[in-house]
Structures are given as C-alpha cells and as structure tokens.
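A.B. asks: Task: produce atomic coordinates for the following.
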Amino acid sequence: MIYLALGSNLRGDFANSVQLVQAAIDNLPLTGAHVVKRAPLYASAPIGPAGQEDYINTVVAVRSLVPAVALLARLHALEAAFGRHRAGPVVWGPRTLDIDIISYHQEVHRFRAQIPHPRAVSRAFVLQPLADIAPGWRHPEYGTPIAELLAALPMQARVGLKRL
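C.D. replies: Next comes the predicted model:
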C-alpha cells in the first residue's frame with residue numbers, strides 16, 4: 001500500500017484549504033494513484049515562520065503501478081496545478097497544496113526521493129491520520145509500529161492538532 005500525506009494552509013484561486021485538499025484527493029487518479037481509504041481531516045498549527053494560518057491535513061491510502069520517483073513527480077505536478085510554487089526563499093512557509101509520499105509499499109528510497117518521508121515520524125499531523133486508516137502500519141526502515149511512533153511524540157508536537 002502507498003500512503004500519501006496532504007496539507008494546505010493557503011487559499012487557492014478557487015477554494016479554501018479544506019476544499020483544496022478534498023479536490024486534490026479527487027484528482028489523485030490523474031497521477032495514477034487510486035484512493036482506497038481516506039483519513040479524516042485535521043487542523044494543525046503550522047511549522048515554520050510565524051503568522052501562517054493553520055494547516056488542513058490528512059492521509060490517504062492509494063494503489064498505483066507508477067514507480068515511486070515517477071509518482072512523486074506526478075504529485076508535484078498536481079501540486080503545481082493547485083497553485084503550489086516550490087521555488088521560494090521561505091522554508092516551511094505557507095502553501096496551497098503539499099503532497100508527500102509517506103510510505104511506498106514498505107520500500108526505502110534515498111536517491112531522487114526521500115521515502116519514507118524523513119520527517120513523518122516527528123509529525124502528529126501525519127502520524128495521527130495515518131493511524132486512523134492504517135493502525136497496523138510499521139515504519140519501513142525501523143519496523144516501529146505506528147502506535148509506538150505516536151506515543152513517542154513529545155507533547156509539543158501534538159499541540160494544535162484537531163480532528164475536523
């Protein structure tokens with residue numbers, strides 16, 4: 001199974017963040033990723049520069065025959081179609097759409113793609129929705145169950161996470 005994390009905290013040309021994330025999920029088949037399961041939406045406090053709006057986050061389980069690196073490129077194209085601009089001076093700044101591959105068939109990729117996503121284990125806004133749809137998931141590199149990863153998060157990482 002492939003797990004994708006989606007997030008948004010900038011209004012797009014036609015929608016707010018909730019609508020953008022839902023529309024992005026509806027358009028995932030255009031990338032070759034077919035949604036099998038959706039986690040609930042969560043609001044989360046932003047990581048990065050002050051003054052940002054809260055993020056809307058979720059995780060989806062998808063099936064795809066597209067290789068990991070090619071799928072990531074297609075997801076980046078979908079982000080761009082939703083107004084995402086990757087080049088910019090602000091690290092972890094606001095964005096209309098962010099899609100990350102959290103896990104790709106339990107494989108590990110470190111060349112041309114970082115899969116599993118290297119910061120997923122430290123982010124409640126990824127781990128909680130992932131646990132909602134895949135309670136038996138284990139980290140591909142460490143073998144750690146999702147419940148242990150969630151329990152190991154510091155309280156600060158959980159602050160501001162709200163299920164919508």
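
A.B. asks: List the contacts of the strand of greatest length in the chain.
C.D. replies: Longest strand in the chain by number of residues (criterion: DSSP state E): strand 55-63. Strand 55-63 has contacts (C-beta atoms under 8 Å, 6 or more residues apart in numbering) with 1-9, 17-18, 20-21, 25, 28, 33-46, 102, 125-126, 129-130, 132-134, 164. Quick note: C-beta positions are derived from backbone N, CA and C, even for glycine.

A.B. asks: from the middle of its chain, how far away would the helix-or-strand element of the chain with minimal mean pLDDT be?
C.D. replies: Averaged element by element with mean pLDDT, DSSP states H and E, the chain has its least confident helix or strand at helix 155-158 (a mean of 88). Counting by C-alpha atoms, centre = their mean, to the nearest Å, helix 155-158 is centred 18 Å from the centre of its parent chain.

A.B. asks: Could you list the residues in contact with that helix?
C.D. replies: By C-beta under 8 Å, 6+ apart, helix 155-158 touches 122-124.

A.B. asks: Point out where this protein drops to low pLDDT.
C.D. replies: 86-93 (pLDDT under 70).

A.B. asks: quick one: the helices in it?
C.D. replies: With helices called from DSSP state H, the chain shows them at 17-27, 68-81, 124-133, 146-152, 155-158.

A.B. asks: Let me have those in JSON lines, adding mean neighbour count and distance to residue 118 as columns.
C.D. replies: Shown next, in JSON lines, are those (neighbours: other C-beta atoms under 10 Å; distance: least, C-beta to C-beta, whole Å):
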{"stretch": "helix 17-27", "mean neighbour count": "19", "distance to residue 118": "22"}
{"stretch": "helix 68-81", "mean neighbour count": "17", "distance to residue 118": "14"}
{"stretch": "helix 124-133", "mean neighbour count": "23", "distance to residue 118": "11"}
{"stretch": "helix 146-152", "mean neighbour count": "15", "distance to residue 118": "13"}
{"stretch": "helix 155-158", "mean neighbour count": "12", "distance to residue 118": "15"}
